[in-house]
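Chemist: I'd like to go over a predicted model; first the sequence, then the structure.
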Amino acid sequence: MIALPQEIRDVMRAAHGSPVRLTDPESQSEYVVVSADIFDRVQALVYDDGPLTVEEQTEVLRQAGLRAGWEDPEMDIYNDRDPRRTK
């Protein structure tokens with residue numbers, strides 16, 4: 001865990017529990033700092049680590065197939081040679 005510098009601690013105290021926006025001067029990336037209890041509450045609302053539904057499983061497999069190149073026209077030869085397919 002990284003300790004907060006005094007400057008950020010002072011800003012967090014002044015915010016009274018509200019999120020604080022920080023900007024990285026080098027990359028101009030913005031970050032939001034919130035207390036751990038707020039983060040935990042928000043995460044519980046939006047994150048579900050239960051088993052995937054059938055629809056979610058199907059989408060994960062479809063995306064994996066696309067990344068593997070299954071939409072590449074050169075892969076059509078495997079469809080043509082599939083003995084289970086009717087012509």
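Modeler: Perfect, thanks for sending it.

Chemist: Mind checking what helix or strand follows the lengthiest helix in the chain in sequence?
Modeler: Secondary structure of the chain read by DSSP state H shows that its longest helix is helix 54-67. Downstream of helix 54-67, the next assigned helix or strand under DSSP states H and E is helix 76-80.

Chemist: so where's the protein uncertain?
Modeler: 87 (pLDDT under 70).

Chemist: The spatially most central residue of the chain and A36, how far apart?
Modeler: By CA atoms, centre = their mean, the chain has its centre lying nearest to Y47, at 10.2 Å. Going from Y47 to A36 by CB to CB, to the nearest Å gives 15 Å. C-beta here means a position set from N, CA and C on the backbone, and glycine is covered the same way.

Chemist: now swap in E30 and tell me
Modeler: Taking CB to CB, one finds E30 at 20 Å from A36.

Chemist: Repeat that for N79.
Modeler: 52 Å.

Chemist: Check D72 too.
Modeler: 46 Å.

Chemist: For the nearest residue to V20 once chain neighbours are set aside, give me phi and psi.
Modeler: Spatial nearest neighbour of V20, excluding adjacent residues (CB to CB, 6 or more residues apart in numbering): V33 at 4.8 Å. Phi and psi for V33, reported as degrees, to the nearest 10, are phi -110, psi 130.

Chemist: what does R21 give?
Modeler: Dihedral angles (degrees, to the nearest 10) for R21: phi -90, psi 130.

Chemist: my read: it touches E30, true?
Modeler: Yes - R21 lies in contact with E30 (CB atoms under 8 Å); the separation is 5.9 Å.

Chemist: Just give the number of residues close to M12.
Modeler: M12 is flanked by 17 other residues according to other CB atoms under 10 Å.

Chemist: do the one 3 residues further on as well
Modeler: In terms of burial, A15 registers 14 neighbours under the definition other CB under 10 Å.

Chemist: what's the answer for G69, then?
Modeler: Number of residues near G69 (other CB under 10 Å) recorded here: 9.

Chemist: Nearest residue to it in space, please, no chain neighbours.
Modeler: Setting aside the residues directly before and after it, G69 is nearest to M75 in space (CB to CB, 6+ apart), at 6.5 Å.
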